[in-house]
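>>> Quick one, structure for this:
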Amino acid sequence: MFSNSNLSAYRLHALLLAITFSIVPTPSALAAFNEANVGKENRAAIRDTEKPLQTKIPNADSKKPPRYILELRATQTVKPLGEKPVQKVDETLERLAPIDLNGNPRVQPGITEGASQTGTSPGGPSGGSSATADGNAPVGDDLLQLRGVGATGLGAGSLDSTGNYGQSNRRDGGVNLDGSGEDGDDTNVIIERPPITTLIPLKDNLNPFSLDARYIEQVGLRDTLLAATGQNLDIEEGFSRTKISNYRMLAAASEFLPSINSGYSLYGITGDVPTALFGGGSSGSSANAGLPSTIQILNAGFTQNVYQGGRILFGTLEQKHRLRASRAALLGNVNDTLLEATRRYYDLLLNEALLSIRTRAVSISEEQVRINSAQEKAGAATGLDVLQSQAQLASDEQNLVDQQNARRQAAIQLAHVLNTSFAQDLVSRQKHLRKRRLIDNNIPIEKLLEIAIDKRPELKQFEELRLAAKRAIVVAAAPLQPGVTFGGSVFGIAAGGGNFDKIFNLNLGVKWTLGGLGTTALANAQRARWEARQAAIQAKQTFLDVFDQVRSSYNNSLASDKRIDRATVQINAAEEELRIAKKRMEAGIGLNIDVLNAQRDLTQASINKSRAVIDFNVAQAQLLRDIGAISIDGVLRGLKI
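Predicted coordinates for the structure are as follows:
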């Protein structure tokens, strides 16, 4: 009835089905297992990160600042790189070209028409200033006067009576009072869930929306962030590293304790020994004494390291700094996970919005094909018009197929970050795509840099690694010094089957060993010094990376914010273009290709606006992470200073 190959395939298929259903636990068993095991280490990791880090970032103005901080201050001081002097920025780019999209003069917000628009420099409350007499800009003019890294004020912006930066009353002026972080309705993009019938099946037995997934769940941003912190493997791995560092420190500190030793020995002996060895008989006597058949030795004692060249003390301090560095790295893992989860969630939301746009484009193209076909039959259109409409429909259908796959891929990537089942399709429950401003637009870049220096865990991590490398120098040089130990022991000796006789012993030992005439320890000490220098350079590089990231994210946020406004204008223009193109065609004075082009323009404009909104939301989350202030509450409600 079945061939061997068909029978083998049938058995394999049945086996896979059996395995699939056998690994699905009952709901009660699954709930019990999840409660007891899933996310246990992640919850411990989150509790650990809630403890404040004890690392203090060095201050260049302190009595003995580290070398790398002084070098950082020197390199970050504003100075000319060439022959031309450094000039201070007087006007923003927008004020240099104050015109609107129609080419008309545009009055800046808060400035009455006819008033001067030179305003305040973005670098500070004063007007434009030139460089100093020596060709350099005022020291630290572009830097921050925080922890001695630079020497300047916070620039534009002021604190109100409550200590918060004043928030603008404009639409995009900051986080809403309700904590939603969502701006005005003009940035809103409606996400319409497409009916299954409007999608293109990729396979007969697959849902065209969820594709390979067998289950589906609607999630929100809060659900995503909570699941990420509770189940993400990067956090779990980081917590394991902190435990490893903790026990390394305990192992190093245990050498402060004395070593306990004890033992028992049983010797079988035959023969004689001269009695003169024990003080018996004359010096020329050859008398011998017989040895007992067995000798038992029972011993117990201790050894205490008194001085080992600083190896134990500084080795413990080294491991202590590495433990703190691992805790800072764990906090960095949590921050990165929150950002990645936010980015993946918004990517899923974007792909759902694009799927809605693509389905609408296909519907419009189908309607255009129907109209052109009817007009061709009535003699009002040509076959070319029908072919053009059909080609546009085929192109839109191809884009729809790609978008169906892209949406599912976004759900898979989000499930990967959340460490959840890939068979479970994740769908955003948001019905609107809006701007979510997380950081007040009035906070100056200098204040953001100050927050970053205070909060970025990477700075604390590499500072601790630098201190650990300094302690390692003493550990490497310890063999060049003598070691001092103190110990004591008690022995019990019994001959034959007799009673034990006690012997007590105390000792103070000094041992000095120079391997390779001391060259080995000297070479290791020099290596450790250069490793300490390397760690200092890495700490300095981390400062530069933080400054780079904060400024780049700040500018990306500003640019993406403006792109939303331009995209809104583009959509309005594209809608009007399509309306006019249809009217002209209905009146017989327009061309079919004009309608098709208008359809493409409207589709692209809708895509551009969706991408602009998502780019802004991701840029805000990125900036929040780059200043070290990202958290679940911060992503949901924004940063409060």
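>>> Just confirm Arg437 contacts Ala619, I think it does.
No: checked against Cβ atoms under 8 Å, the pair Arg437 and Ala619 is beyond contact range at 10.4 Å. C-beta: built from backbone N, CA, C; applies to glycine.
>>> Can you pull the residues that touch both of those two?
Counting by Cβ atoms under 8 Å, 6 or more residues apart in numbering, no residue touches both Arg437 and Ala619.
>>> State the mean pLDDT of the host helix or strand of Leu355.
Leu355 belongs to helix 311-378 when assigned by DSSP states H and E. Taken as a whole, helix 311-378 has a mean pLDDT of 89.
>>> and the angle for the next helix-or-strand element following that helix with helix 311-378?
Scanning forward in sequence from helix 311-378 by DSSP H and E, the next helix or strand is helix 383-418. Taking axes from the mean of the first three to the mean of the last three Cα atoms, to 10 degrees, one finds that helix 383-418 is oriented at 160 degrees with respect to helix 311-378.
>>> What's the first helix or strand after the helix-or-strand element of the chain with minimal mean pLDDT?
Within the chain, confidence by mean pLDDT, DSSP states H and E is lowest for helix 93-96 among all helices and strands, at a mean of 40. With elements assigned by DSSP H and E, the helix or strand that comes after helix 93-96 is strand 189-190.
>>> buried set for the helix or strand following that next one?
Downstream of strand 189-190, the first helix or strand assigned by DSSP H and E is strand 215-219. Across strand 215-219, burial judged by 16 or more other Cβ atoms under 10 Å covers Val219.
>>> what's whichever helix or strand comes after strand 215-219 in contact with?
For strand 215-219, the succeeding helix or strand toward the C-terminus, using DSSP H and E, is helix 221-231. Here helix 221-231 makes contact (Cβ under 8 Å, 6+ apart) with 38-39, 42-43, 46, 219, 235, 334, 337-338, 340-342, 344-345, 414, 417-420, 430, 632, 635-636.
>>> switch the cut-off to 7 Å
38-39, 42-43, 46, 235, 334, 337-338, 341, 345, 417-420, 632, 635-636 (Cβ atoms under 7 Å, 6 or more residues apart in numbering).
>>> same deal with stretch 304-322?
With contacts defined as Cβ under 7 Å, 6+ apart, stretch 304-322 is touched by 245, 248-249, 252-253, 255-256, 258, 464, 467-468, 471-472, 474-475, 478-481, 483-487.
>>> Restricted to strands, list those.
Gly483, Val484, Thr485, Phe486, Gly487 (DSSP state E).
>>> OK, contacts around the second one?
To tie it back to what came earlier, the one meant is Val484. Residues near Val484 by Cβ under 7 Å, 6+ apart: Val306, Tyr307, Val510.
>>> next one: the third one
For Thr485, the contact set (Cβ under 7 Å, 6+ apart) comprises Thr303, Gln304, Asn305, Val306, Gly509.
>>> Remind me which helix or strand the nearest residue to it once chain neighbours are set aside belongs to.
Counting by Cβ to Cβ, 6 or more residues apart in numbering, Thr485 lies nearest to Gly509, which is 4.7 Å off, once chain neighbours are set aside. Gly509 is part of strand 501-511, with elements assigned from DSSP H and E.
>>> Quick one: mean pLDDT for whichever helix or strand comes after that strand?
Proceeding N to C from strand 501-511, the next assigned helix or strand is helix 519-586, under DSSP H and E. For helix 519-586, mean pLDDT rounds to 88.
>>> ok, back up a step: tabulate the contacts of Thr485 (TSV), appending neighbour count and distance to Arg533.
Listed next are the contacts of Thr485 as TSV, based on neighbours: other Cβ atoms under 10 Å; distance: Cβ to Cβ, whole Å:
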residue	neighbour count	distance to Arg533
Thr303	16	37
Gln304	13	35
Asn305	17	30
Val306	13	32
Gly509	12	36
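>>> okay, those residues in a markdown table with distance to Leu591 and pLDDT next?
A markdown table is the format used below for these (distance: Cβ to Cβ, whole Å; pLDDT from 0 to 100):
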| residue | distance to Leu591 | pLDDT |
| --- | --- | --- |
| Thr303 | 99 | 91 |
| Gln304 | 98 | 89 |
| Asn305 | 94 | 89 |
| Val306 | 98 | 89 |
| Gly509 | 103 | 89 |
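>>> In strands only, show me those residues.
Short answer: the contacts of Thr485 in strands (DSSP E) are Thr303, Gln304, Asn305, Val306, Gly509.
>>> Nearest to Leu202 among these?
For the ones in strands among the contacts of Thr485, the closest approach to Leu202 (Cβ to Cβ) belongs to Asn305, at 70.8 Å.
>>> and the direction of the helix holding Leu355 versus that of helix 221-231, what angle?
Using the same axes, to 10 degrees, helix 311-378 lies at 140 degrees relative to helix 221-231.
>>> what angle separates helix 311-378 from strand 215-219?
Using the same axes, to 10 degrees: helix 311-378 against strand 215-219 is 100 degrees.
>>> so where is this protein shaky, pLDDT-wise?
1-39, 45, 48-50, 54, 67-69, 71-187, 276-286, 290 (pLDDT under 70).
>>> ok so, going back, from the ones in strands among the contacts of stretch 304-322, which single one is nearest Glu367?
Ranked by distance to Glu367 (Cβ to Cβ), those are led by Gly483 at 90.5 Å.
>>> can you pull the contacts of that closest one?
For Gly483, the contacting residues are Tyr307, Gln308, Gly309, Lys511, by Cβ under 7 Å, 6+ apart.
>>> Make sure the third one is indeed in a strand.
No: with DSSP: H, G, I helix; E, B strand; the rest coil as the criterion, Gly309 is located in coil rather than a strand.
>>> For it, grab phi and psi.
phi 70, psi 20 (degrees, to the nearest 10).
>>> Just give me the neighbour total for Glu367.
By other Cβ atoms under 10 Å, 12 other residues sit near Glu367.
>>> So it versus Ile235, what's the distance?
50 Å (Cβ to Cβ, to the nearest Å).
>>> what's the answer for Ile641, then?
From Ile641 across to Ile235, the span is 27 Å (Cβ to Cβ).
>>> So for these two, which residue has more residues nearby?
Neighbours per residue (other Cβ under 10 Å) separate Ile641 from Ile235, with Ile235 holding more: 28 against 13.
>>> residues in contact with the more buried one?
Counted by Cβ under 7 Å, 6+ apart, Ile235 has contacts Asn42, Ala45, Thr229, Asn333, Val334, Thr337.
>>> Count the neighbours of the nearest residue to the fourth one once chain neighbours are set aside for me.
With Cβ to Cβ, 6+ apart as the criterion, Asn333 has its nearest non-adjacent residue at 3.9 Å, and that residue is Gly238. Summarising burial for Gly238: neighbours were counted as other Cβ under 10 Å, giving 25.
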